[in-house]
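Participant: below: sequence and its predicted model.
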Amino acid sequence: MPVNRKYNIQELLSACKYYEEETGKRISFEYAPIKGLNDSKNDAERLVELIRNIKSHVNLIPINEIEERTFRKTSNENVIKFRDYLNDHGIVATIRRKLRRRYRCSMSDNLEKRILIKYNKYIII
């Protein structure tokens, strides 16, 4: 992600910990497991190590494959195992359900931005 060019992972996690301590609110992490890239047990172990001291929630988002890219969707079974590993190690994790494509395509970017800003769903860095 472009933000990684400016802030390394430790700086980002420090900011997340500071936010959690100051507000008492949990941090939501979005994680897209990709087959053979970041979906192994070792990857789950590393994620637990990175965020274990931050009150957080991990939302696992299975990717949609597209022809122009080589990334492949990991199996549903593997996503479930990843989620279970996180949960078993004290990290609250869920798997994002599929959104109906018709709904997502019908929502304009402008409306979506207004909704996110109104309900303070995301911190923009």
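Facilitator: Yes, it's here.
Participant: if I look at V79, how far off is G24?
Facilitator: Between V79 and G24 the distance, using Cβ to Cβ, to the nearest Å, works out to 30 Å. To be clear about C-beta, it is placed using only N, CA and C from the backbone, and glycine gets the same treatment.
Participant: between those two, tell me which one has more neighbours.
Facilitator: Shown here are V79 and G24; by other Cβ atoms under 10 Å, V79 has more neighbours (20 against 8).
Participant: now name the helix or strand holding the more buried one.
Facilitator: Assigned by DSSP states H and E, V79 falls within helix 76-88.
Participant: for that helix, buried residues please.
Facilitator: Under the neighbour-count criterion of 16 or more other Cβ atoms under 10 Å, helix 76-88 has 78-79, 81-83, 85-86 buried.
Participant: and which of those residues is nearest to R96?
Facilitator: Taking Cβ to Cβ as the measure, V79 is the one of the buried residues of helix 76-88 closest to R96, at 9.7 Å.
Participant: how about that closest one, what does it touch?
Facilitator: 33, 39, 60, 62, 95 (Cβ atoms under 8 Å, 6 or more residues apart in numbering).
Participant: which residue sits closest to the most centrally placed residue in the chain, ignoring its sequence neighbours?
Facilitator: Ranked by distance to the mean C-alpha position of the chain (Cα atoms, centre = their mean), the top residue is E30 at 0.8 Å. Nearest-residue entry for E30: N59, 5.3 Å, with adjacent residues in sequence omitted and distances by Cβ to Cβ, 6 or more residues apart in numbering.
Participant: and that neighbour, which of the three is it?
Facilitator: Remark: N59 carries the secondary structure label strand [criterion: DSSP: H, G, I helix; E, B strand; the rest coil].
Participant: which element is the residue nearest to the centre of the chain on?
Facilitator: strand 27-31.
Participant: mind naming the longest helix for the protein?
Facilitator: When every helix of the chain is counted residue by residue (DSSP state H), the longest turns out to be helix 9-23.
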